[in-house]
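Engineer: following is a predicted model, sequence given first.
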Amino acid sequence: MTLEIRWIEDLLALEQEKSISQAAAIRHVTQSAFTRRIQNIESTLGFQILKRHSKNIDFTEAGQVLLASSKNIKNQLNTTINYLEKSVKNNELTVKFCVSHSLITQFFPRFIHELSTNMEDLKLEIIAVNLKQGMRLLNDGSCDFLIGYSSQKNLQLLDPSLFLFQKIFEMEILPITALNDDGTPKYSLEKSFPLLAYSKQAYLRSCVDEVIENVLDYRVLYETDNASDLKELVLQGLGISWLPKLLVEKEIIENKLKIVDCEKYNIFQDVYIIRRKMIFTNKINYIWNELTK
């Protein structure tokens, strides 16, 4: 199966316009051609993405998952294009950061803001990773810094002769749900609920499981490393997910999302920055000192 980029644009147009005819118009094709394109997506994937008996444009659960991933791919593509445009125009210092998926969108830009202001020649390469992937890349010299969730137990496994690390933040990981039309939470921890979970290789998966496993009544609906994907699915009203507070602050203020009001299931997780002791440029040492001061 080959993923076609135009599928992403078609799905996003359909989700935005809520109308086949209007989506077709902004995609510059006829309504019948657009309908055939949607049918072709379903035929290629082997499942329906639209509910056929709904009066309105309504995505199936599978369609909502595909839509959430499409939004994320589109955002990543836009970010990449912006990054490349700036890189081509400027000859800058490249520093490679491996960053946990859930920290890239909100936390990381705030964390390096002052650094990017002070170093005009700074160019960043950011790699989204889970903790194991990040440690492997850091160990073989494929990145300069690793920023991610960890525990003292995990950090004790690092060879102190090879690595430096420092805690830089404590992140709140909170159970989040969408709201009904009347403003009430769509899901509750007091009843059975669909869980939008981190994949098993993600560090936050074990953190969440430790709090809720064999305690709450839930079924895992979807798994991914990417917290931004989980947030999109929560916004679609598909279930509850434990998300970093910084990632959902805006939507909470706008009354699009709500923290499930049960504090005993809130998680507080330390965020660390890690690097190798051996460095090959004084600029890396300068950046470390600036970020950890």
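Structural biologist: Nice, thanks for sending it over.

Engineer: at which residues are the helices of the stretch 51-200 of the chain located?
Structural biologist: Residue ranges of the helices in the stretch 51-200 of the chain, as given by DSSP state H, counting those that start in this stretch, are 61-89, 101-104, 107-111, 113-118, 131-139, 152-155.

Engineer: among these, which comes closest to residue 222?
Structural biologist: Of all the helices of the stretch 51-200 of the chain, helix 61-89 sits nearest to residue 222, with 6.0 Å by C-beta to C-beta. In short, each C-beta sits where N, CA and C put it, glycine included.

Engineer: got any ranges where this structure has weak pLDDT?
Structural biologist: Along the chain, the parts satisfying pLDDT under 70 run over 1-4, 54-55, 76, 79-93, 280.

Engineer: give me the domain ranges for it.
Structural biologist: 5-72, 90-293 (automatic domain parsing).

Engineer: what's the most buried one of the helices of the stretch 51-200 of the chain?
Structural biologist: Sort the helices of the stretch 51-200 of the chain by mean neighbour count, taking mean count of other C-beta atoms under 10 Å, and helix 101-104 sits at the top with a mean of 24.

Engineer: alpha carbons of that one, as PDB, please.
Structural biologist: This file holds the C-alpha atoms of helix 101-104, laid out as PDB (Å, rounded to 0.1, in the frame of the first residue of the first chain):
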ATOM      1  CA  HIS A 101       7.700  13.300  21.300                       C
ATOM      2  CA  SER A 102       5.400  14.900  23.900                       C
ATOM      3  CA  LEU A 103       8.000  17.700  24.700                       C
ATOM      4  CA  ILE A 104       8.600  18.900  21.100                       C
END
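
Engineer: what lies in contact with that helix?
Structural biologist: 126, 128-130, 147-149, 171, 202, 204, 225-228, 243-244, 247, 271 (C-beta atoms under 8 Å, 6 or more residues apart in numbering).

Engineer: can you pull out the strands in the stretch 151-293 of the chain?
Structural biologist: 163-178, 193-198, 218-224, 241-244, 257-259, 267-276 (DSSP state E, counting those that start in this stretch).

Engineer: so what strands line up beside the fifth one?
Structural biologist: When pairing is defined by DSSP bridges, strand 257-259 lines up against strand 163-178 (antiparallel).

Engineer: buried ones in the partner strand, by neighbour count?
Structural biologist: 163, 165, 169, 171, 173-178 (16 or more other C-beta atoms under 10 Å).

Engineer: between those residues, which is closest to residue 58?
Structural biologist: Nearest to residue 58, judged by C-beta to C-beta, of those is residue 178 at 15.4 Å.

Engineer: got the CA coordinates for stretch 227-239 in CSV?
Structural biologist: What follows is stretch 227-239, C-alpha atoms only, in CSV (Å, rounded to 0.1, in the frame of the first residue of the first chain):
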residue,chain,number,x,y,z
ALA,A,227,1.3,13.0,22.4
SER,A,228,0.1,15.4,19.8
ASP,A,229,-1.7,12.6,18.0
LEU,A,230,-3.3,11.7,21.3
LYS,A,231,-4.4,15.2,21.9
GLU,A,232,-6.1,15.4,18.4
LEU,A,233,-8.0,12.2,19.2
VAL,A,234,-9.1,13.6,22.6
LEU,A,235,-10.4,16.7,20.8
GLN,A,236,-12.3,14.3,18.5
GLY,A,237,-14.0,13.0,21.6
LEU,A,238,-12.7,9.5,21.3
GLY,A,239,-11.5,8.9,24.8
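
Engineer: ok so, going back, can I get the strands of the stretch 151-293 of the chain in JSON lines including distance to residue 105?
Structural biologist: Output for these, formatted as JSON lines (distance: least, C-beta to C-beta, whole Å):
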{"stretch": "strand 163-178", "distance to residue 105": "13"}
{"stretch": "strand 193-198", "distance to residue 105": "15"}
{"stretch": "strand 218-224", "distance to residue 105": "14"}
{"stretch": "strand 241-244", "distance to residue 105": "9"}
{"stretch": "strand 257-259", "distance to residue 105": "15"}
{"stretch": "strand 267-276", "distance to residue 105": "14"}
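
Engineer: out of the ones you listed, which comes closest to residue 62?
Structural biologist: Smallest distance to residue 62 across those (C-beta to C-beta): 10.2 Å, for strand 218-224.

Engineer: packing partners of that closest one?
Structural biologist: Using 3 or more C-beta pairs under 8 Å, 6 or more residues apart in numbering; DSSP states H and E, the elements in contact with strand 218-224 are strand 193-198, helix 227-235.

Engineer: for the helices of the stretch 51-200 of the chain, which one sits closest to residue 277?
Structural biologist: Nearest to residue 277 among the helices of the stretch 51-200 of the chain is helix 131-139; the distance by C-beta to C-beta comes to 11.4 Å.
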